[in-house]
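In: Here's a sequence, model it:
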Amino acid sequence: MERPFPFGKLDSGNARESEAEKMATVLKIPAKFHPITHLPETKVQKRRVAAYARVSTDSEEQQTSYAAQVDRYTKYIQERADWEFVAVYTDEGISALNTKHRDGFNRMVAEALDGKIDLIVTKSVSRFARNTVDSLTTVRKLKEKGVEVFFEKENIYTLDSKGELLITIMSSLAQEESRSISENVTWGQRKRMADGKVSLPYKHFLGYRKGVDGLPEIVPEEAEIVRNIYRWFMEGKTPTGIARTLTEQGVPTPAGKEQWHSSTVKSILTNEKYKGSALLQKRFTVDFLTKKSKVNEGEVPQYYIEHSHEAIIPPDEFELVQAEFLRRKALGKQYNSKSIFAARIICGDCGNFYGSKVWHSTSKYRRMIWRCNHKFDGMCQCNTPHLYEDMIKEKFLSACNQLFAIRSENLENCRMMQELLIDCSELDEKWKAVTQEMEIVAELTRKYIMENSMTVQNQEEYNAHYNALVKRYEKAKAKAVSLQQQKEERLAKHDLIGGFMSELAQRKELLAEFDEKLWIALVEHVTVFQDGRLVFVFRDGTEIEA
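Out: Numbers count the residues shown, from 1 in each chain. Predicted structure coming up:
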């Protein structure tokens with residue numbers, strides 16, 4: 001008897017399908033290659049393994065750690081039967097905030113991308129990189145080529161499904177740790193500055209080494225080079241000429257190189273540390289990740305410490321050098337570095353400088369003279385006479401001895417001038433008002449740009465208004481620069497008079513012979529007139545006819 005079907009009769013077509021389902025079989029064909037590493041799944045093949053080790057500083061303690069890491073990873077890889085040792089890539093004494101300057105790391109990544117490495121073993125995410133972007137970018141580049149990275153401390157394999165998420169989290173934590181360390185180091189450095197503690201980059205600083213008390217200590221042979229640089233400059237040489245001389249003499253640069261550059265000489269001539277003082281935090285780090293720094297223009301505090309260490313160059317001589325820099329800058333192309341008399345003797349007829357000329361250059365009567373550079377230029381020829389160097393020196397002795405006779409009066413006048421020059425309160429108030437104007441205009445410009453992006457405006461009117469704001473800002477900025485320059489000139493003049501006073505006070509007796517240093521320190525310029533009179537204008541403004 002036929003049993004009833006609960007949902008009606010099962011037709012013959014459904015019955016055939018049911019029979020076919022019972023008879024179907026599924027066979028699994030195993031993968032021959034790993035989808036990421038592309039290595040055969042059915043064949044045991046050794047993975048080519050490299051390790052990466054790094055320490056952040058070059059201290060003795062870290063050197064021990066570095067050597068231990070290299071030894072450990074070499075043994076660790078060679079002990080594995082399924083691993084083939086490639087190399088241990090290393091970087092010593094390098095911070096890991098980014099990977100730009102890590103030669104060992106970059107070489108390892110390049111060889112991994114070239115197919116020479118299958119697996120990289122490293123201690124932790126923080127040893128690999130403390131920058132999240134660098135870390136993830138590198139891991140993804142390696143992953144695309146089937147190269148895996150194993151972080152021991154976190155037990156992370158980057159080809160694992162959870163690897164990228166874990167790396168993102170761990171790299172972010174490492175980056176924040178670096179931020180914290182950077183802030184702590186910055187705070188410590190600024191605290192040292194505020195306490196008046198001076199530290200120099202001794203490996204790249206000529207003339208000083210770190211003393212037993214932690215303060216700068218003079219290196220005699222290097223200090224002599226520094227003194228020569230200052231002396232040559234005041235004798236008329238340019239930084240380029242001094243650099244050429246030092247290179248020819250085979251004197252190594254502060255960094256130990258053979259070739260000197262004018263910028264190196266200029267930095268030595270303008271660094272206040274050579275006079276025993278220190279201006280700290282001239283530059284500061286803008287971003288702890290990129291290590292980008294900029295000149296401190298008031299964004300962070302600066303600290304000026306007088307008499308912080310032993311001076312190589314006397315302060316008054318240092319100030320004379322700074323004043324000479326300003327004088328040469330004002331002269332521009334007119335400055336001639338061949339003699340101490342260059343760009344100091346002025347023609348009373350046309351106002352141009354005297355220059356050196358050679359008479360009878362090819363005979364035994366050869367002589368050097370000084371004559372107006374424009375004596376025979378144009379329709380009106382100058383009638384001022386030529387001068388011999390012996391005559392200039394003789395007239396200088398006469399003028400100097402007259403100056404020394406009124407020493408006390410001059411020193412008192414100089415002190416009064418210094419008091420006037422050092423008072424920059426009026427300039428400071430004007431500068432403050434101008435910088436406030438710049439801030440206001442900048443804020444107005446920002447708001448105006450924002451408003452234009454949010455609402456529809458007449459673009460011709462917008463551009464006209466915007467250009468007016470820009471013009472207003474540039475005008476205020478130019479005024480601020482001018483005020484700053486005026487202040488710098490006043491302070492330079494103050495220091496110049498200080499050097500003049502120092503030289504004047506030291507000379508208790510009349511001069512018997514010409515002194516080059518005194519000429520450079522005391523004389524602003526000399527004017528020559530048609531009748532042969534020479535009027536000396538000294539640094540304090542005193543005029544004496546000789």
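In: Against Met501, how distant is Asp495?
Out: 11 Å (C-beta to C-beta, to the nearest Å). All C-beta spots, glycine's among them, are computed from the backbone N, C-alpha and C.
In: what about the stretch 201-350 of the chain, any weak spots by pLDDT?
Out: Flagging of the stretch 201-350 of the chain using pLDDT under 70 yields the residue ranges 280-304, 333-334, 336-337.
In: Strands along that one, start to end?
Out: 208-210, 216-218, 278-280, 283-287, 292-295, 303-305, 345-347 (DSSP state E, counting those that start in this stretch).
In: Quick one: residues in contact with stretch 316-328.
Out: 230, 233-234, 238, 269-270, 272, 274-275, 313, 335, 343, 489, 492-493, 495-496, 498-499, 502-503, 520-521, 539 (C-beta atoms under 8 Å, 6 or more residues apart in numbering).
In: Okay, buried residues for it please.
Out: In terms of neighbour count (16 or more other C-beta atoms under 10 Å), stretch 316-328 has its buried residues at 316-325, 327-328.
In: Return the distance of it from the chain's centre.
Out: The chain centre lies 23 Å from the centre of stretch 316-328; the measure is C-alpha atoms, centre = their mean, to the nearest Å.
In: Kindly report the same for stretch 360-375.
Out: 46 Å.
In: For that stretch, buried residues please.
Out: For stretch 360-375, burial by neighbour count (16+ other C-beta under 10 Å) applies to 369-375.
In: Could you do stretch 428-435 as well?
Out: Result for stretch 428-435 [16+ other C-beta under 10 Å]: buried residues 430-431, 434-435.
In: how about these in TSV, adding distance to Thr74, secondary structure and pLDDT?
Out: Formatted as TSV, the buried residues of stretch 428-435 follow (distance: C-beta to C-beta, whole Å; DSSP: H, G, I helix; E, B strand; the rest coil; pLDDT from 0 to 100):
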residue	distance to Thr74	secondary structure	pLDDT
Lys430	68	helix	92
Trp431	63	helix	89
Val434	65	helix	92
Thr435	60	helix	88
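In: Please produce JSON lines containing those, extended by distance to Val456.
Out: Formatted as JSON lines, the buried residues of stretch 428-435 follow (distance: C-beta to C-beta, whole Å):
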{"residue": "Lys430", "distance to Val456": "41"}
{"residue": "Trp431", "distance to Val456": "40"}
{"residue": "Val434", "distance to Val456": "35"}
{"residue": "Thr435", "distance to Val456": "35"}
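In: follow-up on the earlier one: among the contacts of stretch 316-328, name the buried ones.
Out: 230, 233-234, 238, 269, 272, 274-275, 313, 343, 492-493, 495-496, 498-499, 502-503, 520-521, 539.
In: Arg48: what secondary structure?
Out: Following DSSP: H, G, I helix; E, B strand; the rest coil, Arg48 is assigned to strand.
In: Can you give me the neighbour number for it?
Out: Counted with other C-beta atoms under 10 Å, the neighbours of Arg48 add up to 19.
In: Tell me the spacing between it and Glu144.
Out: Distance, Arg48 to Glu144, by C-beta to C-beta: 17 Å.
In: related to what we said a few turns ago, show me which of the buried residues of stretch 316-328 is closest to Glu152.
Out: Nearest to Glu152, judged by C-beta to C-beta, of the buried residues of stretch 316-328 is Phe318 at 55.5 Å.
In: what's the distance between that closest one and Leu483?
Out: Counting by C-beta to C-beta, the gap from Phe318 to Leu483 is 25 Å.
In: before we move on, what about Arg80?
Out: Going from Arg80 to Leu483 by C-beta to C-beta gives 71 Å.
In: neighbour-wise, which of the two wins?
Out: Between Arg80 and Leu483, Leu483 has the larger neighbour count (other C-beta under 10 Å), namely 21 against 12.
In: dump the residue contacts of the spatially closest residue to the more buried one that is not a sequence neighbour.
Out: What sits nearest to Leu483 in space, not counting adjacent residues and going by C-beta to C-beta, 6 or more residues apart in numbering, is Trp431, at 4.5 Å. By C-beta under 8 Å, 6+ apart, Trp431 lies in contact with 480, 483-484, 487.
In: from those, which would you call buried?
Out: 480, 483.
In: can you redo the contacts of Trp431 as CSV with distance to Ser398, secondary structure and pLDDT?
Out: Formatted as CSV, the contacts of Trp431 follow (distance: C-beta to C-beta, whole Å; three-state DSSP; pLDDT from 0 to 100):
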residue, distance to Ser398, secondary structure, pLDDT
Ala480, 46, helix, 89
Leu483, 41, helix, 91
Gln484, 41, helix, 86
Lys487, 37, helix, 86
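In: May I ask which two of the contacts of Trp431 are separated the most?
Out: Checking the contacts of Trp431 with C-beta to C-beta, the most distant pair is Ala480 and Lys487, at 10.8 Å.
In: got the residue ranges for the helices in the stretch 401-546 of the chain?
Out: Counting by DSSP state H, counting those that start in this stretch, the segments of the stretch 401-546 of the chain that form helices are 407-422, 425-454, 459-506, 516-522.
In: highest average neighbour count across these?
Out: Among those, ranked by average contacts under mean count of other C-beta atoms under 10 Å, first place goes to helix 516-522 (a mean of 18).
In: Show me what that helix is packed against.
Out: Under the contact criterion of 3 or more C-beta pairs under 8 Å, 6 or more residues apart in numbering; DSSP states H and E, helix 516-522 touches helix 315-331, helix 389-405, helix 459-506.
In: Out of the ones you listed, which is closest to Ser124?
Out: With C-beta to C-beta, the closest approach to Ser124 among the helices and strands packed on helix 516-522 belongs to helix 459-506: 48.9 Å.
In: so that closest one versus helix 425-454, what angle?
Out: 160 degrees (axes from the mean of the first three to the mean of the last three C-alpha atoms, to 10 degrees).
In: if I pick Phe233, what's in contact with it?
Out: Contacts of Phe233 by C-beta under 8 Å, 6+ apart are 239, 242, 269, 321, 324.
In: I misspoke; the intended subject was Lys266.
Out: Counting by C-beta under 8 Å, 6+ apart, Lys266 has contacts Pro239.
In: Thank you, goodbye.
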